[in-house]
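Visitor: fold the following for me, if possible:
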Amino acid sequence: CNHSICNAHLLRELTGISENDEQLWSKDMGDLLINIKSSVDKVREISRNLKQQKIKEFEDCYNRIVHTGLEENPPLQIQSKKRGRNKQTTAKNLLDRFIGYKNDILRFMHDLKVPFENNLAERDVRMVKVQQKISGTFRSVQGALIFCRLRSYISTVKKNHLSVMDAIQDAIAGKPFVPTIV
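Guide: Predicted coordinates:
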């Protein structure tokens, strides 16, 4: 299992850098990610992968934007009296992530089964967080396990485009929905 970075989160950070710090590279990188996403979405309907030439074009553009970002954000020469690394700007920290995690950021382009963002995974965890926020916590470990098992079952049913109520009734009747592995 390879790791992938949520590009929706990166787009929010890029927008913030563009608006607050007036960095040109961040707007360009956001536009590029959206452009890659739309190309991947179109290709996903008819093929299993992007053409290598298109991938190379996108990666070359990505590298040019990163290079522009490095020119806009040279390393700070200020030496701090504190130990450890010198503090960097938010834009430089984000740029460093684009350099260090390029493969994880662009994984959705190389493997069309990988989504552009992880909103679906976050949505699955959100109900647990809401439960903790409202009641403070679960009363027992057993209660937490039951809650998680039910939420997981409901999430799986929804992802398979089935009726939640029908699936719960079937589960109570001893005929639970079990997804088939493709």
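Visitor: and the helix or strand that contains Q53, what does it pack onto?
Guide: Using DSSP states H and E, Q53 maps to helix 52-72. On a contact count with 3 or more Cβ pairs under 8 Å, 6 or more residues apart in numbering; DSSP states H and E, helix 52-72 meets helix 24-46, helix 90-100, helix 107-110. Bear in mind the C-beta positions are built from the backbone N, C-alpha and C, glycine included.
Visitor: what packs against the helix or strand of the chain at the bottom of the mean pLDDT ranking?
Guide: In the chain, no helix or strand scores lower on mean pLDDT, DSSP states H and E than helix 119-135, which sits at a mean of 73. With contacts taken as 3+ Cβ pairs under 8 Å, 6+ apart, helix 119-135 sits against helix 141-159.
Visitor: quick check: angle from the helix it packs on to helix 119-135?
Guide: Calculated by axes from the mean of the first three to the mean of the last three Cα atoms, to 10 degrees, helix 141-159 forms an angle of 140 degrees with helix 119-135.
Visitor: helix or strand next in line after helix 141-159, which one?
Guide: Taking DSSP H and E, what comes next after helix 141-159 is helix 164-172.
Visitor: what residues of that following helix count as buried?
Guide: Of all the residues in helix 164-172, those buried under the rule 16 or more other Cβ atoms under 10 Å are A167, I168.
Visitor: averaged pLDDT, that helix. What do you get?
Guide: Averaged across helix 164-172, pLDDT comes to 92.
Visitor: mind checking how far it is from the chain centre?
Guide: 31 Å (Cα atoms, centre = their mean, to the nearest Å).
Visitor: output it as PDB, restricted to C-alpha atoms.
Guide: The C-alpha atoms that make up helix 164-172 are tabulated as PDB, following Å, rounded to 0.1, in the frame of the first residue of the first chain:
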ATOM      1  CA  VAL A 164     -28.900   1.600   4.800                       C
ATOM      2  CA  MET A 165     -32.200   0.700   6.400                       C
ATOM      3  CA  ASP A 166     -32.600  -2.400   4.200                       C
ATOM      4  CA  ALA A 167     -29.100  -3.500   5.000                       C
ATOM      5  CA  ILE A 168     -29.500  -3.100   8.700                       C
ATOM      6  CA  GLN A 169     -32.800  -5.000   8.600                       C
ATOM      7  CA  ASP A 170     -31.100  -7.800   6.600                       C
ATOM      8  CA  ALA A 171     -28.200  -7.900   9.100                       C
ATOM      9  CA  ILE A 172     -30.700  -8.200  12.000                       C
END
